[in-house]
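Asks: Got a predicted structure here, sequence first:
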Amino acid sequence: MTPIVGRVKRIVETPLGSRVMLPQFGSNLFELVDKTMDERYRLLYIAYVFEAFWNTDTGELWDKELEPERIIFNDINDTQISATVILTDGREVQL
């Protein structure tokens, strides 16, 4: 795993509110566990990933080098989701 992938995954895979000193850090993806994987799920997934990059209190990025431009939802099946985070500098990270 490259450092950039690790940094993105840390932001996205940390449940929101799980860090005592940084309760705004992380994403709401955990709320999608055991939900029906349909169009609503897809849209929430994209929104939760995108908003995880910002501190909701200050509006600033958690990591200045990781500003998402868009999230592409590649594939979904009963057990796995494939998405790509495209950063403003052109780098792509597979989730």
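Replies: Right, received. Where do you want to start? In this text, all values refer to a predicted model and were calculated from it rather than measured experimentally.

Asks: only C-alpha atoms for contact and neighbour calcs from this point on.
Replies: Will do.

Asks: Residue 65 and residue 53: what is the separation?
Replies: 10 Å (C-alpha to C-alpha, to the nearest Å).

Asks: tell me the phi and psi of residue 19?
Replies: Per-residue torsions, residue 19: phi -90, psi 120 (degrees, to the nearest 10).

Asks: Surely it and residue 25 touch.
Replies: Yes - assessed by C-alpha atoms under 8 Å, residue 19 is found in contact with residue 25 at 7.1 Å.

Asks: Which residue of those two possesses the greater neighbour count?
Replies: Ranked by neighbour count (other C-alpha atoms under 10 Å), residue 19 and residue 25 place residue 25 first, with 22 against 12.

Asks: give me phi/psi at that one?
Replies: Dihedral angles (degrees, to the nearest 10) for residue 25: phi -80, psi 130.

Asks: ok, now which ones touch it?
Replies: Taking C-alpha atoms under 8 Å, 6 or more residues apart in numbering as the criterion, residue 25 is in contact with 11, 14-17, 19, 52, 55, 62.

Asks: at 7 Å what do you get?
Replies: By C-alpha atoms under 7 Å, 6 or more residues apart in numbering, residue 25 lies in contact with 16-17, 55.

Asks: now those residues: which count as buried?
Replies: The neighbour count (16 or more other C-alpha atoms under 10 Å) marks 16, 55 as buried among the contacts of residue 25.

Asks: which one of the contacts of residue 25 is nearest residue 94?
Replies: Ranked by distance to residue 94 (C-alpha to C-alpha), the contacts of residue 25 are led by residue 16 at 20.6 Å.
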